[in-house]
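Participant: using only what follows, build the 3D model:
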Amino acid sequence: MELAFSGELWFWRGPAPWHFVTVPHDEAVALEAISPAVTYGWGMIPVTVRIGRSDWATSLWPKDGGYIVPVKAWVREAEGLDVGDPVDVRLTVDL
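Facilitator: Have a look, this model is predicted:
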């Protein structure tokens, strides 16, 4: 399964701070439908992400009935991203 969408980069200031892009509703519904076949626990879905010219393997985190994409520091640096920037995301989920 491949999905493409745009979203805003945001920062979570929790005990282990991270940057994320929220998966839009329609794409989250499609991911929820395949979740039982691919999740490895806690609702996490392993994916390959592409932002700009950067590719990496990670997992989508479930949040508020949807999913969020964690964006690593090296990706933000390589792509010149900061909080509030619009981000084009491509996700690949191996079924």
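
Participant: and the residue nearest to Val93 when sequence neighbours are not counted, what does it touch?
Facilitator: With sequence-adjacent residues excluded and distances taken as Cβ to Cβ, 6 or more residues apart in numbering, Val93 is closest to Met1, at 4.4 Å. For the C-beta atoms, the positions are set from N, CA and C on the backbone; glycine is no exception. Neighbour list for Met1: Ala30, Ile34, Thr92, Val93, Leu95 [criterion: Cβ atoms under 8 Å, 6 or more residues apart in numbering].

Participant: ok, Leu9 next?
Facilitator: In this structure, Leu9 makes contact with His19, Phe20, Val21, Val71, Arg76, Leu81, Asp82, Val83, Gly84, Asp85, Pro86, Val87, judged by Cβ under 8 Å, 6+ apart.

Participant: do His19 as well
Facilitator: Applying Cβ under 8 Å, 6+ apart, one finds that His19 lies in contact with Leu9, Trp10, Phe11, Trp12, Pro70, Val71, Ala73, Arg76, Leu81, Val83.

Participant: what strand or helix carries the closest residue to Pro24 other than its chain neighbours?
Facilitator: Beyond its immediate neighbours in the sequence, the residue positioned closest to Pro24 (Cβ to Cβ, 6+ apart) is Phe5, lying 5.1 Å away. Using DSSP states H and E, the element containing Phe5 is strand 2-12.

Participant: in that strand, what counts as buried?
Facilitator: Of the residues in strand 2-12, Leu3, Phe5, Gly7, Leu9, Trp10 count as buried by neighbour count, 16 or more other Cβ atoms under 10 Å.

Participant: beta partners for the residue nearest the centre of the chain?
Facilitator: In the chain, the C-alpha nearest the mean C-alpha coordinate belongs to Val69, at 1.7 Å (Cα atoms, centre = their mean). With DSSP bridges applied, Val69 shows beta-bridge pairing to Val21.

Participant: list the contacts of it.
Facilitator: If you count contacts by Cβ under 8 Å, 6+ apart, then Val69 has Gly7, Phe20, Val21, Thr22, Val23, Val47, Val49, Thr58, Leu60, Val89, Leu91 around it.

Participant: and the closest residue to Val47 other than its chain neighbours, how far from Pro15?
Facilitator: Sequence neighbours aside, Leu91 is the residue nearest to Val47 in space, at 4.9 Å (criterion: Cβ to Cβ, 6+ apart). Applying Cβ to Cβ, to the nearest Å, one obtains 27 Å for the distance of Leu91 from Pro15.
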